[in-house]
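# missing the sequence, but the structure's below:
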């Protein structure tokens, strides 16, 4: 099976712009979670989607949003970019909702640099 | 406050020596605890979870609810164990969020 894929892998934007990141889960997986990874804050949970519905959300401002399509692919959008949004954005997929039983498989990440 | 702490940012051990990566958590409930590992230039991947009580690559971890700890141990470290290790807490309900610790970089010296 192909693993989790994320596009683009690298992105450079300027402050005030918006960005959309894409995640394709492993075939058959219905849950997609997004994380932000920075040297200062580490790995922080953004949100989880399951069957096109947001099931859980981390403590991020409303500028961070996402959606999931019927084929389980997910997109994450960040509007009005700030310098502090520079990070590695990781996507993870699992068969069911992430938890004790379900294993999350991570993608390679999208590295976003905001200038 | 709900949090996961890993007191050691960096840990160096000699090959063949025992290794213990510490993880402490704070959560008002019964969470599920996991260890994730990221080898150089590879993706983050699950190492083990407390619910399965398994040993993966020689690593074990015991959940101590009294001390709220989930330390990762291996009796004899190998060079290939050098990696970044993250302890993660998954809440029992879907109303709380997943929390990852800051990570410990393990370096095994040959």
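Ah, there it is. Keep in mind it's a predicted model, so treat the numbers as computed, not measured.
# Chain B contacts on chain A?
Residues of chain A lying near chain B by CB under 8 Å from any CB of the partner chain: A:3, A:33, A:35, A:42-45, A:48, A:55-59, A:90, A:92, A:97-101, A:103-109. Yep, even glycine has a C-beta here, placed from its N, CA and C like the rest.
# Any of the residues you listed buried? List them.
Buried by 16 or more other CB atoms under 10 Å in any protein chain shown: A:33, A:35, A:42-45, A:48, A:55-56, A:58, A:90, A:92, A:97-99, A:104-109, out of those.
# Select from those residues every entry located in helices.
For those, membership in helices holds for none, with DSSP state H as the criterion.
# Identify the residue nearest residue A:85 in space, chain neighbours excluded?
The shortest distance from residue A:85 to any residue other than its chain neighbours is 5.2 Å, reached at residue A:114 (CB to CB, 6 or more residues apart in numbering or on different chains).
# surely the one you found meets residue A:89?
No: taking contacts as CB atoms under 8 Å, residue A:114 lies outside contact range of residue A:89: 11.9 Å.
# Look at those two and report which has more neighbours.
Between residue A:114 and residue A:89, counted using other CB atoms under 10 Å in any protein chain shown, residue A:89 has the larger neighbour count: 23 against 19.
# which stretches of chain B have low pLDDT?
Chain B contains residues with pLDDT under 70 at B:94.
# hey, where'd the strands end up in it?
Applying DSSP state E to chain B gives strands spanning B:3-5, B:10-14, B:19-21, B:24-26, B:32-38, B:45-49, B:60-64, B:69-74, B:83-90, B:99-100, B:104-109.
# what would the ones you listed look like in CSV with mean neighbour count and distance to chain A?
Compiled in CSV, the strands of chain B are given as follows (neighbours: other CB atoms under 10 Å in any protein chain shown; distance: least, CB to the nearest CB, whole Å):
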stretch, mean neighbour count, distance to chain A
strand B:3-5, 17, 9
strand B:10-14, 14, 14
strand B:19-21, 20, 15
strand B:24-26, 17, 14
strand B:32-38, 22, 4
strand B:45-49, 19, 5
strand B:60-64, 17, 12
strand B:69-74, 20, 13
strand B:83-90, 22, 5
strand B:99-100, 22, 4
strand B:104-109, 17, 11
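# a markdown table for those, including distance to residue A:78?
Converted to a markdown table, the strands of chain B look like this (distance: least, CB to CB, whole Å):
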| stretch | distance to residue A:78 |
| --- | --- |
| strand B:3-5 | 25 |
| strand B:10-14 | 31 |
| strand B:19-21 | 33 |
| strand B:24-26 | 29 |
| strand B:32-38 | 24 |
| strand B:45-49 | 26 |
| strand B:60-64 | 35 |
| strand B:69-74 | 32 |
| strand B:83-90 | 23 |
| strand B:99-100 | 20 |
| strand B:104-109 | 28 |
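# So for residue A:24, which of those sits nearest?
Across those, residue A:24 has its closest neighbour in strand B:45-49 (17.9 Å, CB to CB).
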